[in-house]
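Q: Quick one, fold the following:
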Amino acid sequence: MSQNDVDAEQIAQSLKTDPIYIDPAVADTLDGRLLDKAEATVKELDFDVYVVAVDAEHGSIDREMLEQIKVLNGSEGSFVMIDDGTAIAVDTYFTDAHHDKEMEVVDQQLNAHDEWNTSTPSVSKLNILLDLYEDPQEHVESGDTGAEQQPGSDVIQDTGSGGFAPLFLGGSILVLALVIGGIFIFRSMRAKAAEARRRDRFRLPSSLLHRVDHLQRSALREDINSEATELASSLDQLRTDDLSSAELTQVERAFDAYYEARSIVDDEAAERIDLAGAMVLLRQARREIGLAGQSRGARSSRPESLCTVNPLHGEARTTSPVSVGARAVRVPVCSACEGDLRGGRDLQWIFDKGRPYIEAESVWAETLFGAIGGNLVTALKSLPPR
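A: Just a heads-up that it's a prediction; the model follows:
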């Protein structure tokens, strides 16, 4: 792990207890009065803002480090990094449930960017941004002042001198219609261009996305390790003397699923989709343990599995028909995917090698994470050793 990784993790943890982190290397060089003002504003906002002040290397902000801090912290809100000079960087994370707030925050970032001067100290830039967060302003693209109406100077009168006046009036109406249409088209094109610039401004480079995916896999591996440890403890404490032969078979299947999951987690080359598969296996093991000793009448009608579309979505809430290739199969899905199906929207499949996993060749695609095609553990055991 690089020094940046260590620093990012330490800062991310520190932000969970204090939303402002000041690197000791810059503590004496930043304007304390402006920092106090920023801290007071942060406390008054209706969403979380995290501020990181660091000693920037080579005179620029480490945006990749800021992204790592955001991912490792895992909280919603705006993450701002400043140095002791004039540099500032902003990143945000909001769930889909808070999409409107995210759009408001992004607009204020654009407003702040328009107000910042290159030579303005970073702490002053921070306070400009926080003031806009506190009192949001509508974002207007530079130069978008609208079409101003000017008083008319031509008065057309019907003098009875012939057909020239109606002809002139008709021509004026046509010209006016063309002008209005031109303004509408121009504004539409400018709005689309502005939206494209906004997306590009906050789009992550591919190298950074790869880095984020690595961080996500590391965090995912930690979560699975914790889950696996807890499951292993449950298996050790299980009293098998009181179980029937059928229940012992279920416990044996739980052990098999646990060991398959464990082998995936222990493989450093395991991809994100493999780790998702390990989560499915651990969920399967828990289900088998839960069924052992439970009367059939007491069993839940819910799927008791993870979402087939993307196990990282979490627990399945129901089963729904899903199109896979040329066929439709009923599989467990989470509430979000069920909503997508009802609304006719595209499903958010977990990706494998840059495409939805059902389009790739893998045991996960063949079995839909164990939803079809027999026992997932059996299918995994038939594969060559990892």
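Q: And for residue 267, the neighbour number?
A: 13 (other C-beta atoms under 10 Å). (C-beta placed from N, C-alpha, C; glycine too.)
Q: From what I see, it and residue 274 are in contact.
A: Yes - using C-beta atoms under 8 Å, residue 267 is in contact with residue 274, at 7.5 Å.
Q: May I have the phi/psi pair for residue 343?
A: Here is the backbone geometry of residue 343 (degrees, to the nearest 10): phi -90, psi 0.
Q: so what's residue 86 closest to, chain neighbours aside?
A: residue 122 (5.6 Å; C-beta to C-beta, 6 or more residues apart in numbering).
Q: Quick one: neighbours of residue 360, just the number.
A: 14.
Q: Would you mind listing where the chain has pLDDT under the threshold?
A: Where the chain drops to pLDDT under 70, the residues are 1-6, 56-60, 140-217, 220, 235, 238-241, 292-303, 385-386.
Q: where do the strands sit along it?
A: 20-22, 49-53, 77-82, 88-93, 318-324, 327-333, 351-352, 355-356 (DSSP state E).
Q: Sheet-wise, list the partners of the first one with their directions.
A: What it means is strand 20-22. strand 49-53 (parallel) (DSSP bridges).
Q: cool, the third one as well?
A: Pairing partners of strand 77-82, with direction, according to DSSP bridges: strand 49-53 (parallel), strand 88-93 (antiparallel).
Q: Can you tell me which of these is most buried?
A: Stretch with highest mean neighbour count among the strands paired with strand 77-82: strand 49-53 (a mean of 24; mean count of other C-beta atoms under 10 Å).
Q: contacting residues for the closest residue to residue 124 other than its chain neighbours?
A: In this structure, residue 124 finds its nearest non-sequential neighbour in residue 34, 6.4 Å apart by C-beta to C-beta, 6+ apart. Counting by C-beta atoms under 8 Å, 6 or more residues apart in numbering, residue 34 makes contact with 121, 123-124, 126-127.
Q: do the same with residue 112
A: 125, 128-129, 132.
Q: same thing but 7 Å
A: 128-129, 132 (C-beta atoms under 7 Å, 6 or more residues apart in numbering).
Q: now swap in residue 11 and tell me
A: 21, 52, 69.
Q: Quick one: neighbours of the last one, just the number.
A: When you say that, I think you mean residue 69. 25.
Q: Distance check, it against residue 9.
A: 8 Å (C-beta to C-beta, to the nearest Å).
Q: do the same with the first one
A: Summarising the geometry, the distance separating residue 21 from residue 9, computed by C-beta to C-beta, is 12 Å.
Q: Overlap in contacts, those two.
A: By C-beta under 7 Å, 6+ apart, no residue touches both residue 21 and residue 9.
Q: Count the residues that sit near residue 107.
A: By other C-beta under 10 Å, neighbour count at residue 107 equals 17.
Q: Name the nearest residue to it, ignoring sequence neighbours.
A: In space, residue 107 is closest to residue 139, 4.0 Å off (C-beta to C-beta, 6+ apart).
Q: Ok, residue 87 next?
A: residue 61 (4.6 Å).
Q: Wait, that neighbour touches residue 89, no?
A: Yes - applying C-beta atoms under 7 Å, one finds residue 61 in contact with residue 89, separated by 4.2 Å.
Q: quick one: common contacting residues for the two?
A: residue 81.
Q: Let me see the contact set for the residue nearest to residue 87.
A: 81, 83, 87-89.
Q: how does it look with 8 Å?
A: By C-beta under 8 Å, 6+ apart, the neighbours of residue 61 are 54, 81-83, 87-89.
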